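J.: What follows is a predicted protein model with its sequence.
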Amino acid sequence: MRKKIVAGNWKCNTTLAEGVALAKQVSNLVAERGAKDVVVVLGTPFTHLASVASAIEAENVFVAAQNCAAEPKGAFTGEVSVSMIQSTGAAYVILGHSERREYYHETSEILNKKVALALAQGLIPIYCCGEALAIREAGTENAFVKTQLEETIFNLSADDFKKIVIAYEPIWAIGTGRTASSQQAQDMLAFIRQLIATKFDQTIANDCSILYGGSCSPANAKELFGQPDIDGGLIGGASLKAEDFLSIINAY
Ligand code: PGA
């Protein structure tokens with residue numbers, strides 16, 4: 001079933017105490033809001049997962065890790081496995097974020113391993129894709145995103161693909177204040193949905209939640225979320241302030 005999802009990506013921000021306080025604030029505001037039409041996800045640092053998972057009370061608020069190890073367990077110093085993540089109470093994992101692809105050299109091969117491990121552990125991947133500015137300026141963004149999907153989640157079985165959430169995040173819009181126009185975002189998400197229909201089938205395409213990310217804010221969320229193919233957002237900066245994050249949720 002296609003869900004509306006507003007997911008926060010806290011990145012490398014907040015101490016444990018700050019993160020728990022933020023999560024409680026969001027959870028209380030979401031509970032007060034009452035309507036359970038939107039799935040809310042908090043993408044916290046690894047160190048916060050368990051505490052945040054036990055601090056949230058609203059039943060439609062879930063916790064996500066921002067990454068996972070590409071191996072199930074073993075001698076990989078500093079890595080955090082999918083079973084560790086799942087054992088904290090987290091339900092989602094953000095994978096393939098452009099910052100991880102760029103700064104930590106995550107390739108399609110690595111991401112395929114991570115997606116498979118996450119799915120096997122029952123975690124829901126929020127799989128990110130999106131092009132850099134030079135690609136957008138060259139007008140080749142559709143081909144670029146198509147390749148990103150074809151090299152990774154399009155290789156999943158239909159049953160596994162149905163469990164995935166996709167986030168399209170043009171790199172030029174992330175943290176820059178320069179959001180994609182609602183038309184640019186809608187066009188890309190409609191294109192992705194069409195690719196899914198061709199690769200799998202129309203029902204799977206219709207049921208897939210596809211999010212937009214990149215400078216999504218209380219000011220532009222309503223227009224973005226009003227587009228027919230945009231099923232919510234992956235929110236960076238604005239997810240660090242509970243009121244701003246709630247305003248984005250309330251854009252629905
Ligand atoms: P931003 O980040 O909302 O701060 O642009 C989005 C993201 O990187 O997920």
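T.: Sure, I can see it.
J.: Check the gap between the closest residue to residue 172 other than its chain neighbours and the ligand for me.
T.: Leaving out its chain neighbours, the residue that sits closest to residue 172 by CB to CB, 6 or more residues apart in numbering is residue 133, at 3.9 Å. C-beta here means a position set from N, CA and C on the backbone, and glycine is covered the same way. For residue 133, the distance to the ligand under the criterion CB to the nearest ligand atom, to the nearest Å works out to 14 Å.
J.: Just give the number of residues close to residue 133.
T.: 14 (other CB atoms under 10 Å).
J.: and residue 89, what does it touch?
T.: Contacts of residue 89 were listed using CB atoms under 8 Å, 6 or more residues apart in numbering, and they are 49-50, 53-54, 63.
J.: change it to 10 Å
T.: With contacts defined as CB atoms under 10 Å, 6 or more residues apart in numbering, residue 89 is in contact with 49-54, 56, 62-63.
J.: and what of residue 120?
T.: Remark: with contacts taken as CB under 10 Å, 6+ apart, residue 120 is in contact with 72, 82-83, 160.
J.: pLDDT wise, what is the closest residue to the ligand within the chain at?
T.: Using CB to the nearest ligand atom, residue 236 is the residue of the chain that sits closest to the ligand, at 2.2 Å. Among the per-residue scores, residue 236 holds a pLDDT of 97.
J.: If you rank the contacts of residue 89 by neighbours, which is first?
T.: Neighbour counts for these, by other CB under 10 Å, peak at residue 52, which reaches 29 neighbours.
J.: how about the nearest residue to it, chain neighbours excluded?
T.: residue 23 (4.3 Å).
J.: ok, the one you found touching residue 45?
T.: No: between residue 23 and residue 45 there is no contact, the gap being 11.7 Å when judged by CB atoms under 10 Å.
J.: Mutual contacts of those two, please.
T.: Listed contacts common to residue 23 and residue 45 are 10, 14, 52; contacts here mean CB under 10 Å, 6+ apart.
J.: Dump those residues into a markdown table; add distance to the ligand and secondary structure as well.
T.: Shown next, in a markdown table, are the shared contacts of residue 23 and residue 45 (distance: CB to the nearest ligand atom, whole Å; DSSP: H, G, I helix; E, B strand; the rest coil):
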| residue | distance to the ligand | secondary structure |
| --- | --- | --- |
| 10 | 10 | coil |
| 14 | 14 | coil |
| 52 | 18 | helix |
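J.: near the ligand, which residues of the stretch 151-252 of the chain show up?
T.: With CB under 6 Å from any ligand atom as the criterion, the stretch 151-252 of the chain comes near the ligand at residues 169, 174-175, 213-216, 234-238.
J.: now these as JSON lines including distance to residue 251?
T.: Compiled in JSON lines, those are given as follows (distance: CB to CB, whole Å):
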{"residue": "169", "distance to residue 251": "18"}
{"residue": "174", "distance to residue 251": "19"}
{"residue": "175", "distance to residue 251": "20"}
{"residue": "213", "distance to residue 251": "14"}
{"residue": "214", "distance to residue 251": "15"}
{"residue": "215", "distance to residue 251": "14"}
{"residue": "216", "distance to residue 251": "9"}
{"residue": "234", "distance to residue 251": "14"}
{"residue": "235", "distance to residue 251": "11"}
{"residue": "236", "distance to residue 251": "16"}
{"residue": "237", "distance to residue 251": "16"}
{"residue": "238", "distance to residue 251": "11"}
